[in-house]
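model the following, please.
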Amino acid sequence: MSALGRARELGAAPYDRQVLIEYLVEQMRGWRFRHRYDDSRMLSAVRASFDVTDQIEGATLADRWATFEVDVWRRWLAGQDRPPLAARWGFGVWALVISRLVQPAWSTIATVRIGDWTNILPADDPLVLARQRIEDAAQTCAIGHPRSYDQAVNMATRLMLTRGADRLEDLTDADLLIPPASTKGADVLDVLLCQLGVFDRTPRSGTARRRTAPRHTERELALVAGVPEPFVEVVGLYLEAYARRLSDTYPTLRHKASALGHFFRYLQQTHPGVTSCAQITPAQARGFVPAAVELARTSQRTKARKGDADSTTAHSWLIEVRVFFADISTWATETDSPFAAHAPSSVVLTRHDLLDTGFVKARKRQQARLTSTVLDLQREIPNIRAFALRRWHDTGHALRNQPDDTTLIRAERAAFWDWALPELLLTSGLRIEEACELTTFDVLRRSLPDGRLYYLLHIKPSKFDRARVIPIGDQLGRVIAEIIRHVRAYYGTDHVPPVDRRDEHEKKPLPRAPYLLQAIRHPSAVNTNTIRGRLRWISEQAGATHADGSPLILTPHDCRRVFASEHLNAHTPVHVIQALLGHATINTVMIYAKLYPDQFVTDYRKAMRGLYTDVHGPSASKTPTEAEWAEFTASCSLRDMGTHVCALPTGEHCPRGLVCLGCGHAQPKKSALPVFRRMLHSHNRALDKAREHGEPAGQIAARELEVERIRSAMQRAQELTDGAGEALEAAATG
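Take a look at the predicted model:
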């Protein structure tokens, strides 16, 4: 029998002090004490510890140890009634632990320097071998602070002692939940155990390990939502039928159960004699309308929100109740329908019952808030994007100067994702759950009949169980390419590795796949809470505000709003925007169309056209002749833009509007250097004033980008030789 097996047998055998001491003396012969007299000091401490356990009731040492931990050990730690220092009271306790005669609780073993005690064990002890395996694996791990590796090794040692494990393979996922959530080193230990093959999965962060909310069945949803017992059966039947006939989207079912729970609890409180849906009358159902409004007021979010008027939460509850009775009344007419016994004799709640209850005004107030929010977003989004881009560039420059600085590596990763996450959402218009489920397989490569390539992005079904495909433009393509590059660099591989993922909304695991959004701080897929937190942080740091001065907190859905409004401004057809966003109807897109009516845009263009004609004359907008077209076509290969020469190929679309000096196709003219100097002086002066006045960081970052572009243009112009400069200008004008 092995030493560990013998120790467990003695711990579970009838308590015999002498046998236990003899076993410990035998074990100490192989321990590596730092000083030659430590063995005698520890033996003395062991005897002092057994003097205490002799006085505790219990048939075995394990029984007495449980009482010792709860009562005696806690008093000793508090300095009460513990043996004198000469007895080395801690030595005896931990001799029992590392010899595996007892299994300590986490609360006990977490208070000691476990590394110091395991250092005295022999080199072939399973605990020492396990620590060495983790330390070796940590040499190739690239996450966390170096100190977190020591914390992970010590946590693994404590867990093995607590669980009585001889090997790392004996640890389970449940064991990682034993330490409190605030314990350092848990995430790194999870990564190392996955790396060693102990867990057959990809690593999970602390939040993912502890988020184990199950996906309830339809009947369980009724109970969880607080539906009273007499109505649980009908609500469960309804949710099952709805999931089978219409949609099994879990958030939808949960929302319906919650609304019905509010209604039936109200009914039980006000009409306790009603115990069946068939007994409900229209008057009783109409009484829930004011009760729902009052309940919604008391249960509104406590966080600050723009505007203090009532939300439309109560209206959504009432809609769900009305649909519930309409559905079961319709389904009850089917042959052998289980709803026949539950359908009321008349329609208990109609659309007219919800009129003149304040919901129309609430929706108008909600629409006004949306209008104001979109206008604020259009003002602040450029500043947020410029601030995020500036931080990423600055941290990247610092990292290139000190490539081995782990602090700078983590800072550059964080700054990159602060730029990439909002850019991905702003350039694609994806819902947050759709963005989280993107994989490298969703980037589709296609070719036109003439051989030109284009790329599409496949969006998995989310809200309406319908997949869609959107084109990948230049901006979106760059963001996806940068994300792939950063994920590869994080793992040090030439591909995006597959990882596990759990659908937080549907409460079910997803297939292992190479998800794009992974490895921000941890080698696992990114969850929606992380994205929301990063967007909130970057908008706060950029100093974004609403028109009234209150902080503007960017959310993932705000990015969809900006995407829709920008496309409407660019005159993208409404039905195309609907397809890009995945809206069920065109009415949702028309919300944004109301913010930018066609008549408003048309009238504005008329006014601008009149001003242009006054300045440049009526001949400026005339139709060019054939000779003028020929002259223009001949010069399209190299165009003179006044301060620079543009070499963009003819027929190619320029998303920058041919005015951005940061464009890679633009070559500044050497003769324009005086103009650039004046521009740089003016922009620097404006930047200094902005810093003096304490403008938000996002606005300052946008100004800094303009200064950087002008300096870049000046540098490229100065690098030209006189001969090359004259040749370029002659080609552009000739």
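
so residue 156 sits in a helix?
Yes: the assignment for residue 156 is a helix, going by DSSP: H, G, I helix; E, B strand; the rest coil.

tell me who's in contact with it.
130, 131, 134, 168, 171, 189, 192, 193 (Cβ atoms under 8 Å, 6 or more residues apart in numbering). C-beta: built from backbone N, CA, C; applies to glycine.

so which other helices or strands are in contact with whichever strand or helix holds the third one?
So that's residue 134. Using DSSP states H and E, residue 134 falls within helix 126-138. If you count contacts as 3 or more Cβ pairs under 8 Å, 6 or more residues apart in numbering; DSSP states H and E, helix 126-138 packs onto helix 114-118, helix 146-163, helix 186-195.

quick one, which of those helices gets closest to residue 268.
Residue 268 lies closest to helix 186-195 among the helices and strands packed on helix 126-138, at 44.2 Å (Cβ to Cβ).

now the helix or strand following the closest one, how far from the chain's geometric center?
For helix 186-195, the succeeding helix or strand toward the C-terminus, using DSSP H and E, is helix 206-210. From the chain centre to the centre of helix 206-210 is a distance of 13 Å (Cα atoms, centre = their mean, to the nearest Å).

what's helix 206-210 packed up against?
helix 186-195.

what packs against the helix it packs on?
Using 3+ Cβ pairs under 8 Å, 6+ apart, helix 186-195 is in contact with helix 126-138, helix 146-163, helix 206-210.

CA atoms only for the longest one, dumped as PDB, please.
Listed next in PDB are the C-alpha coordinates belonging to helix 146-163 (Å, rounded to 0.1, in the frame of the first residue of the first chain):
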ATOM      1  CA  PRO A 146       4.000  36.800 -13.200                       C
ATOM      2  CA  ARG A 147       2.800  36.700  -9.600                       C
ATOM      3  CA  SER A 148      -0.400  35.100 -10.700                       C
ATOM      4  CA  TYR A 149       1.500  31.900 -11.700                       C
ATOM      5  CA  ASP A 150       2.700  31.400  -8.100                       C
ATOM      6  CA  GLN A 151      -0.900  32.000  -7.000                       C
ATOM      7  CA  ALA A 152      -2.100  29.400  -9.400                       C
ATOM      8  CA  VAL A 153       0.400  26.800  -8.300                       C
ATOM      9  CA  ASN A 154      -0.400  27.400  -4.600                       C
ATOM     10  CA  MET A 155      -4.200  27.200  -5.400                       C
ATOM     11  CA  ALA A 156      -3.700  23.900  -7.100                       C
ATOM     12  CA  THR A 157      -1.800  22.600  -4.100                       C
ATOM     13  CA  ARG A 158      -4.500  23.700  -1.700                       C
ATOM     14  CA  LEU A 159      -7.200  22.200  -3.800                       C
ATOM     15  CA  MET A 160      -5.400  18.800  -4.000                       C
ATOM     16  CA  LEU A 161      -5.000  18.800  -0.200                       C
ATOM     17  CA  THR A 162      -8.600  19.900   0.300                       C
ATOM     18  CA  ARG A 163     -10.000  17.300  -2.000                       C
END
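
pretty sure residue 380 contacts residue 545?
Yes: here residue 380 lies in contact with residue 545, judged by Cβ atoms under 8 Å, at a distance of 7.1 Å.

shared neighbours of those two, anything?
The contact lists of residue 380 and residue 545 share residue 552, where a contact means Cβ under 8 Å, 6+ apart.

which one's more surrounded, the two?
Between residue 380 and residue 545, counted using other Cβ atoms under 10 Å, the more crowded position is residue 380 (24 against 17).

what about the closest residue to that one other than its chain neighbours, how many neighbours?
Leaving out its chain neighbours, the residue that sits closest to residue 380 by Cβ to Cβ, 6 or more residues apart in numbering is residue 544, at 4.1 Å. Residue 544 has 24 neighbours, counted by other Cβ under 10 Å.

what does residue 373 give?
Count around residue 373 with other Cβ under 10 Å applied: 18.

wait, doesn't it sit right on residue 561?
Yes: between residue 373 and residue 561 a contact is recorded at 7.3 Å, counting by Cβ under 8 Å.

re earlier: of the helices and strands packed on helix 126-138, flag the one that's most buried.
helix 186-195 (a mean of 24; mean count of other Cβ atoms under 10 Å).

what angle do it and helix 146-163 make?
With axes from the mean of the first three to the mean of the last three Cα atoms, to 10 degrees defining the directions, helix 186-195 sits at 70 degrees from helix 146-163.

which residue sits closest to residue 112 in space, ignoring its chain neighbours?
residue 94 (6.7 Å).

so where's the stretch 501-650 of the chain uncertain?
592-650 (pLDDT under 70).

ranges for the helices of it?
528-541, 556-569, 574-581, 587-595, 598-616, 626-634 (DSSP state H, counting those that start in this stretch).

any chance you could read off phi and psi for residue 457?
Here is the backbone geometry of residue 457 (degrees, to the nearest 10): phi -120, psi 120.

which residues of the stretch 151-300 of the chain score low on pLDDT?
Across the stretch 151-300 of the chain (using pLDDT under 70), the flagged ranges come out as 300.

change it to 80
207, 210-213, 297, 299-300 (pLDDT under 80).

hmm, back to that, got the contacts of residue 156 as TSV, with distance to residue 246 columns?
Putting the contacts of residue 156 into TSV (distance: Cβ to Cβ, whole Å) gives the following:
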residue	distance to residue 246
130	53
131	56
134	51
168	48
171	44
189	45
192	46
193	43
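
for the most centrally placed residue in the chain, which residues are in contact?
Note on the chain: the residue nearest the mean C-alpha position is residue 530, at 2.6 Å, using Cα atoms, centre = their mean. By Cβ under 8 Å, 6+ apart, residue 530 lies in contact with residue 520.

measure it to residue 517 for me?
9 Å (Cβ to Cβ, to the nearest Å).

out of the helices and strands packed on helix 126-138, which comes closest to residue 673?
So among those, helix 146-163 is nearest, using Cβ to Cβ, at 50.0 Å.

relative to helix 126-138, how tilted is that closest one?
Orientation check (the same axes, to 10 degrees): helix 146-163 against helix 126-138 gives 150 degrees.

and the strands in this protein, which stretches?
443-447, 453-459, 468-471, 499-503, 508-513, 639-640, 644-646, 666-668 (DSSP state E).

could you list the paired strands of the longest one along with their orientation?
When you say that, I think you mean strand 453-459. Note on strand 453-459: by DSSP bridges, its sheet partners are strand 443-447 (antiparallel), strand 468-471 (antiparallel).

rewinding a little: which residues touch the helix holding residue 134?
Residues contacting helix 126-138 (Cβ under 8 Å, 6+ apart): 4, 98, 118, 121-122, 149, 152-153, 156-157, 160-161, 166-168, 188-189, 192, 195-196.
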